[in-house]
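A.B. asks: I would like the atomic coordinates for the input below:
(chains A, B, C and D)
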Protein chains: 2
Amino acid sequence: MATPTPQTAAPGGLRERKKQRTRDALIRAALELFTEQGYEATTIDEIAEAVDVSQRTYFRYFANKEEVVFAVQEMVEARFLEELSARPASEAPLTALRSAVMVAWDDIGGAIESVIPVELHMRSYRMIESTPALVAVHLRRSSELEEQIARLIARREDLDVDTDPRPRVLVAAFSGVMRVAGKVWGEGQDCSVASIRELTKSYLDHIAPAIDDDWHTAGEADTR
Amino acid sequence: MATPTPQTAAPGGLRERKKQRTRDALIRAALELFTEQGYEATTIDEIAEAVDVSQRTYFRYFANKEEVVFAVQEMVEARFLEELSARPASEAPLTALRSAVMVAWDDIGGAIESVIPVELHMRSYRMIESTPALVAVHLRRSSELEEQIARLIARREDLDVDTDPRPRVLVAAFSGVMRVAGKVWGEGQDCSVASIRELTKSYLDHIAPAIDDDWHTAGEADTR
DNA sequence: GAGGCTAATGTCAGCCACTGACAGTTGACA
DNA sequence: TGTCAACTGTCAGTGGCTGACATTAGCCTC
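C.D. replies: Residues are numbered from 1 along each chain as shown, chains lettered A, B, ... in the order given. Sure thing, here's the model as predicted:
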């Protein structure tokens, strides 16, 4: 039973392409409606109607009302994790994180724009922060992602994430910086992908000197 | 139009007492059902029926299904914030936080037990952690509480929470310790209020020497 | 290129969370 | 005791979400 569906980016047949188009259209319509008239004030029927599909079809693409809001972030995160796993083990942890972010932004910037205008993504970002139900989901997603990253880093460095605090601490710092970068970007005027990329880069450069070192050659696990 | 309802703890008339009893019964029934058969598997009709009130009445006491889950924590937090506001300005920030927690635990321990058995509270704690929807709400509540505490601390010390990072940093550390204490308690066997109190105390004593100092006499705002 | 296979979609019925409106009941208080 | 206001129940309705079943439409083979 060799995987019948390639699942890769390149759309094999018409069916795949059609599905992708429906999915993208749902995301765009949903975000457009949410940002215009508010998340709670928008019904799924409206979204489905805008894309000319049934409500039932919406729920075949997204498990619930929130999921469509985070679809784009999901893409970015998946790309980031994939890239992080691929970084050579010789890189120091923070360097790997940094490189992965940069590569992720580079080759997903275009992909994002093909789904939704970046400006809409930015408006969505602000909408999330002003909708309690979405803030909650956002926080949970963030904490889950942090956990995943910490485990990846620990594996790279061949450490136990439950006994050595360094992976989680590093990831916490890293995530904190990423969060601030995202926040500043959300408040600013320049809503290009390039701008958030640069913002992230400069912020990461700030903490790098302070915590980036090889965890195997420089001083033993110093938990003081 | 002077506030017609005293709203204080002491139950004035029969009406107040009856309301309190209904509320407590709803909390107890809800947590009992949730922990026994799962959060999602429990309907509000079941909870209402167990207390012998209508579903509509449930929603007059709690805004939604989640709220009842956090009712006890809400009590503890309110008591803590109240106590923190009352601490003398002469106390160093972390000392004030520490004292407020201790006082809050001391005089609310009994109040909790009057509403639900502590053992049920502990089971609820574990249920929250294993229910994604509740984890999300829990995280949002925590971050909101952190923000409140940081503002309170900043006001005490006469600082601007948006320019001076110290209040938020201290509160982040404090909250982190509290979270760990809660987690350890949840995993342990001893589900008494006294045990979480002592756990908290000892954990806080660990970080105290590291970060507790008077922010006005010891070294200027050192943001390095 | 006709026909079978299967994935994708539409339709329908139904559960549950949640809300507004209105009516009935019951403490509070003169 | 009677009036008022608070509390509660009932009912109808909306919206999120799901299972079951019928229908449509790519895909693949002969």
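A.B. asks: For residue A:62, give me its contacts.
C.D. replies: For residue A:62, the contact set (C-beta atoms under 8 Å, 6 or more residues apart in numbering or on different chains) comprises A:26, A:68, A:71. For the C-beta atoms, the positions are set from N, CA and C on the backbone; glycine is no exception.
A.B. asks: Which single one of those is nearest to DNA strand C?
C.D. replies: For these, the minimum distance to DNA strand C (C-beta to the nearest atom of the strand) is 9.6 Å, reached by residue A:26.
A.B. asks: Where does the record place the domain boundaries for chain A?
C.D. replies: A:14-65, A:68-211 (automatic domain parsing).
A.B. asks: And the ones you listed: which comes nearest residue B:182?
C.D. replies: domain A:68-211 (15.1 Å; C-beta to C-beta).
A.B. asks: Rounded mean pLDDT for that closest one, please.
C.D. replies: Here domain A:68-211 scores 90 as its mean pLDDT.
A.B. asks: secondary structure element for the residue nearest the centre of chain A?
C.D. replies: Against the mean C-alpha coordinate of chain A, by C-alpha atoms, centre = their mean, the closest residue is residue A:77 at 3.1 Å. Assigned by DSSP states H and E, residue A:77 belongs to helix A:71-86.
A.B. asks: Does that helix reach DNA strand D?
C.D. replies: No - using C-beta under 7 Å from any atom of the strand, helix A:71-86 stays clear of DNA strand D, with a minimum separation of 13.7 Å.
A.B. asks: Tabulate the CA atom coordinates of that helix in CSV.
C.D. replies: Taking Å, rounded to 0.1, in the frame of the first residue of the first chain, the C-alpha atoms of helix A:71-86 are listed here in CSV:
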residue,chain,number,x,y,z
ALA,A,71,-4.3,28.2,9.2
VAL,A,72,-1.6,30.6,8.0
GLN,A,73,0.4,30.5,11.2
GLU,A,74,0.1,26.7,11.0
MET,A,75,1.9,26.8,7.6
VAL,A,76,4.7,29.0,8.9
GLU,A,77,5.2,26.8,12.0
ALA,A,78,5.2,23.6,10.0
ARG,A,79,7.8,25.0,7.7
PHE,A,80,9.9,26.2,10.6
LEU,A,81,9.8,22.9,12.4
GLU,A,82,10.7,21.0,9.2
GLU,A,83,13.7,23.4,8.6
LEU,A,84,14.8,23.1,12.2
SER,A,85,14.9,19.3,12.0
ALA,A,86,17.1,19.7,8.9
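A.B. asks: for it, packing partners?
C.D. replies: helix A:93-115, helix A:132-156 (3 or more C-beta pairs under 8 Å, 6 or more residues apart in numbering or on different chains; DSSP states H and E).
A.B. asks: what angle do it and helix A:93-115 make?
C.D. replies: Calculated by axes from the mean of the first three to the mean of the last three C-alpha atoms, to 10 degrees, helix A:71-86 forms an angle of 140 degrees with helix A:93-115.
A.B. asks: ok, residues contacting helix A:71-86?
C.D. replies: A:27, A:62, A:96-97, A:99-101, A:103-105, A:107-108, A:111-112, A:115-116, A:121, A:124, A:141, A:145, A:148-149, A:152.
A.B. asks: Contacts only, for residue A:47.
C.D. replies: Here residue A:47 is in contact with A:26, A:29, A:30, A:33, A:58, A:68 (C-beta under 8 Å, 6+ apart).
A.B. asks: Direction-wise, compare the helix holding residue A:77 with helix A:132-156 and give the angle.
C.D. replies: 10 degrees.
A.B. asks: Give me the buried positions along helix A:71-86.
C.D. replies: A:71, A:72, A:73, A:75, A:76, A:77, A:79, A:80, A:81, A:83, A:84 (16 or more other C-beta atoms under 10 Å in any protein chain shown).
A.B. asks: Centre of the chain to that helix, how far?
C.D. replies: 6 Å (C-alpha atoms, centre = their mean, to the nearest Å).
A.B. asks: go on, stretch A:88-97?
C.D. replies: 20 Å.
A.B. asks: Then stretch A:94-113?
C.D. replies: The answer for stretch A:94-113 is 10 Å, by C-alpha atoms, centre = their mean.
A.B. asks: CA atoms only for that stretch, dumped as CSV, please.
C.D. replies: Only the C-alpha atoms of stretch A:94-113 are listed here, as CSV (Å, rounded to 0.1, in the frame of the first residue of the first chain):
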residue,chain,number,x,y,z
LEU,A,94,20.3,29.2,19.0
THR,A,95,22.1,29.4,15.6
ALA,A,96,19.9,26.6,14.4
LEU,A,97,16.8,28.3,15.6
ARG,A,98,17.8,31.5,14.0
SER,A,99,18.7,29.9,10.7
ALA,A,100,15.5,27.9,10.6
VAL,A,101,13.4,31.0,11.2
MET,A,102,15.2,32.9,8.4
VAL,A,103,14.8,30.1,5.9
ALA,A,104,11.2,29.6,6.8
TRP,A,105,10.4,33.2,6.3
ASP,A,106,12.3,33.3,3.0
ASP,A,107,10.6,30.5,1.2
ILE,A,108,7.2,30.8,2.7
GLY,A,109,6.7,34.5,2.2
GLY,A,110,5.5,33.9,-1.3
ALA,A,111,3.4,31.0,-0.3
ILE,A,112,1.6,33.2,2.2
GLU,A,113,0.9,35.9,-0.4
